[in-house]
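Visitor: Just need the structure, nothing else, for what follows:
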Amino acid sequence: MITRDACAAQDARDPLAPLRRQFDLQDADARRIVYLDGNSLGVLPRAAAERVRTVVEREWGAGLIRSWNEAGWITLSQRIGNKIARLVGAGADELIVADSTSINLFKALSAAVAIAKQRSSERSRIVSERTSFPTDLYIADTVARAHGLELTLANDGDVTRHLDDRVAILLLTHVHYRSGRIHSMREITAAAHQAGALVVWDLSHSAGAMSITLAADAADFAVGCGYKYLNGGPGAPAFVWAHATHIAWMDREAWQSPLPGWLGHADPFGFRPDYQPAPGMLRFLCGTPPILSLAALECGVDTVLAVEGCGGLDALRQKSVALTELFVELVESRCAGHDLVLASPRNPVDRGSHVSFAHPTGGYGMVQALIARGIIGDFRSPDILRFGFAPLYTRFVDVWDAVDQLAQVLETGEWRDDRFNVRSIVT
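Guide: Alright, predicted model coming up:
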């Protein structure tokens, strides 16, 4: 039987344990809160508050507009983009931080469609998964309709069966937002290329939690958000990446973003009425960047880059696997008989850094009862209890404590209380 002392001993041996000190968790620890929702919103980095204060008081307050040059505001999107590139296997100047994931997906899909149409006018489909994160499907459908294409939705695990000579683009989430299932980027990208299609990857639930090798896996485009495992804060800017060969194509063809804002112009301060795209990934910029949010995001990205001194992204992934394996084992041994069913892949090789269990009727109430006890996960309709394990700050004792409280919630049946079943807007 696994004990809490055994989990504490595992924490003592954890090479990533010192990285937890990067985060503002003192109040959470004092209140005995276990945070298992970093897959939805990362914890506040200690450096972020002071960094944002410096930007507000010194750079904005004292420097005023001079800070665009003197404090380097104008190049923050590129600077942070190059940092994120180190976490996802991309090269310098191939990734830019801008806008939201949804907006960047619109841009990336539009670029992919332009390339696909130049290669073959016969390609008529964008393919994705039926259960992908809804915004990805909304954007994909919008792009498809705008270009006279059809959006085809495959059932889970069925996507490669749709790869034929009609497919222009395959859009997939690297780690599924509900189940946590990992798609094999290398194998699926190779299959898509064999069929003549391009692949756009959404890294929102994987960037910052595992090793990603975009260039080595020959991916075409990728997007991702900054506020989950990258710890950039609520609503943090997102990122977009393109393979070097596609960047060269965009430069050669003078391809412009479907959202050609002034900052993505080749000469933004020339204020010319005609649009000329900036070189490389700069063309994916649109409006003026949100400097306060970028300052916080850079602090978050730096917390992940700190793994380079503690075993790297491989060590991050190893701890993620160990945490999720422990959680599954404890839930299935201590919470048996309460109709919880594992909704994530059982094999950790196929699972990201969050674990989902399904319950036919009580998932929402169970999550709310846990939150009342200080165990913070989330619920995904219609039946998913979802728990995220951010390796930078989640401890093995946190896993043990979470399952201990879950067992009590189930045994007492307190989740049936009316107060835990009143739906909030955010679940």
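Visitor: The most centrally placed residue in the chain and residue 315, how far apart?
Guide: When Cα atoms, centre = their mean is applied to the chain, the residue found nearest the centroid is residue 204 (1.9 Å). Separation of residue 204 from residue 315 (Cβ to Cβ, to the nearest Å) stands at 22 Å. Quick note: C-beta positions are derived from backbone N, CA and C, even for glycine.
Visitor: go on, residue 268?
Guide: Computed as Cβ to Cβ, the residue 268 to residue 315 distance reads 41 Å.
Visitor: Now do the spatially closest residue to the residue nearest to the centre of the chain that is not a sequence neighbour, the pLDDT please.
Guide: Nearest residue to residue 204 in three dimensions, chain neighbours excluded: residue 225, at 4.6 Å (Cβ to Cβ, 6 or more residues apart in numbering). For residue 225, the pLDDT comes out at 97.
Visitor: Ramachandran angles for residue 225?
Guide: Main-chain torsions, residue 225, degrees, to the nearest 10: phi -100, psi 160.
Visitor: show me what contacts it?
Guide: Taking Cβ atoms under 8 Å, 6 or more residues apart in numbering, we find residue 225 in contact with 100, 101, 204, 236, 238.
Visitor: Between which two of the residues you listed is the distance greatest?
Guide: Taking Cβ to Cβ, the two most distant members of the contacts of residue 225 are 204 and 236; they sit 11.4 Å apart.
Visitor: Flag the shaky bits of the stretch 251-400 of the chain, pLDDT-wise.
Guide: Applying pLDDT under 70 to the stretch 251-400 of the chain picks out no residues at all.
Visitor: what are the ranges of the strands in it?
Guide: 341-342, 354-358, 375-376, 378-380, 384-388 (DSSP state E, counting those that start in this stretch).
Visitor: Tell me which strands the first one pairs with, and in which orientation.
Guide: The strands that strand 341-342 pairs with in its sheet are strand 354-358 (antiparallel) (by DSSP bridges).
Visitor: Next, the angle from the partner strand to strand 384-388.
Guide: 160 degrees (axes from the mean of the first three to the mean of the last three Cα atoms, to 10 degrees).
Visitor: So which bits of strand 354-358 are buried?
Guide: For strand 354-358, the buried set under the neighbour-count rule, 16 or more other Cβ atoms under 10 Å, comprises 354, 355, 356, 357, 358.
Visitor: Pretty sure the last one sits against residue 384.
Guide: Right, residue 358. Yes. Judged on Cβ atoms under 8 Å, residue 358 makes contact with residue 384 at a distance of 5.7 Å.
Visitor: Need the overlap of contacts for those two.
Guide: residue 343.
Visitor: which ones are touching residue 118?
Guide: residue 253.
Visitor: check which helix or strand covers it.
Guide: helix 101-119 (DSSP states H and E).
Visitor: That helix: how far from the chain's middle?
Guide: How far helix 101-119 lies from its chain's middle: 19 Å, per Cα atoms, centre = their mean, to the nearest Å.
Visitor: outside of the biggest helix by length in the chain, which residues touch it?
Guide: For the chain, the longest helix by residue count, based on DSSP state H, is helix 312-334. Contact with helix 312-334 is made by 1-2, 7, 10, 14-16, 87, 180, 209-211, 304, 307, 311, 340, 342, 344, 346, 348, 351-355, 357, 387, 389, 391-392, 394, 396, 399-400, 402-404, 406-407, as judged by Cβ under 8 Å, 6+ apart.
Visitor: got it, and stretch 376-386?
Guide: With Cβ under 8 Å, 6+ apart as the criterion, stretch 376-386 contacts 33-37, 39-40, 177-178, 340, 343, 354-361, 363-364, 366-368, 370-371, 387-388, 402, 427.
Visitor: What's the ChimeraX line that selects buried ones from the residues you listed?
Guide: Selection of buried members from these for ChimeraX, criterion 16+ other Cβ under 10 Å:
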select :33,34,35,36,37,39,40,177,178,340,343,354,355,356,357,358,359,363,364,366,367,368,370,371,387,388,402
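Visitor: In helices, which of the contacts of stretch 376-386 appear?
Guide: 363, 364, 366, 367, 368, 370, 371, 402.
Visitor: all helices in this protein, in order from the N-terminus.
Guide: Counting by DSSP H, the segments of the chain that form helices are 4-12, 26-30, 46-54, 67-70, 76-88, 101-119, 134-146, 185-194, 244-253, 291-305, 312-334, 363-372, 396-412.
Visitor: Ok, which of these comes nearest residue 279?
Guide: Judging the helices of the chain by Cβ to Cβ, what sits closest to residue 279 is helix 244-253, at 5.7 Å.
Visitor: Could you name the helices and strands sitting against that closest one?
Guide: helix 101-119 (3 or more Cβ pairs under 8 Å, 6 or more residues apart in numbering; DSSP states H and E).
Visitor: Domain map for this protein?
Guide: 4-31+311-420, 52-304 (automatic domain parsing).
Visitor: Let me have those domains in CSV, adding distance to residue 44 as columns.
Guide: Compiled in CSV, the domains of the chain are given as follows (distance: least, Cβ to Cβ, whole Å):
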stretch, distance to residue 44
domain 4-31+311-420, 5
domain 52-304, 7
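Visitor: Ok, which of these comes nearest residue 46?
Guide: The minimum distance between residue 46 and these falls on domain 4-31+311-420, with 5.2 Å, by Cβ to Cβ.
Visitor: And the closest one, how far out from the chain middle?
Guide: 19 Å.
Visitor: Now the terminal residues of that domain, how far apart.
Guide: 28 Å (Cα to Cα, to the nearest Å).
Visitor: next one: stretch 380-392
Guide: With Cα to Cα, one end of stretch 380-392 sits 24 Å from the other.
Visitor: Can you mark which positions in it are buried?
Guide: Buried positions in stretch 380-392, judged by neighbour count with 16+ other Cβ under 10 Å: 380, 383, 384, 385, 386, 387, 388, 389, 390, 391, 392.
Visitor: Quick check: residue 331 vs residue 359, distance?
Guide: Here the criterion is Cβ to Cβ. By it, residue 331 lies 12 Å from residue 359.
Visitor: hmm, I was thinking of residue 411
Guide: Residue 411 is 15 Å from residue 359, by Cβ to Cβ.
Visitor: how many other residues sit next to the nearest residue to residue 212 once chain neighbours are set aside?
Guide: Excluding the flanking residues, the one nearest residue 212 by Cβ to Cβ, 6+ apart is residue 88, at 4.3 Å. Residue 88: 26 surrounding residues under other Cβ atoms under 10 Å.
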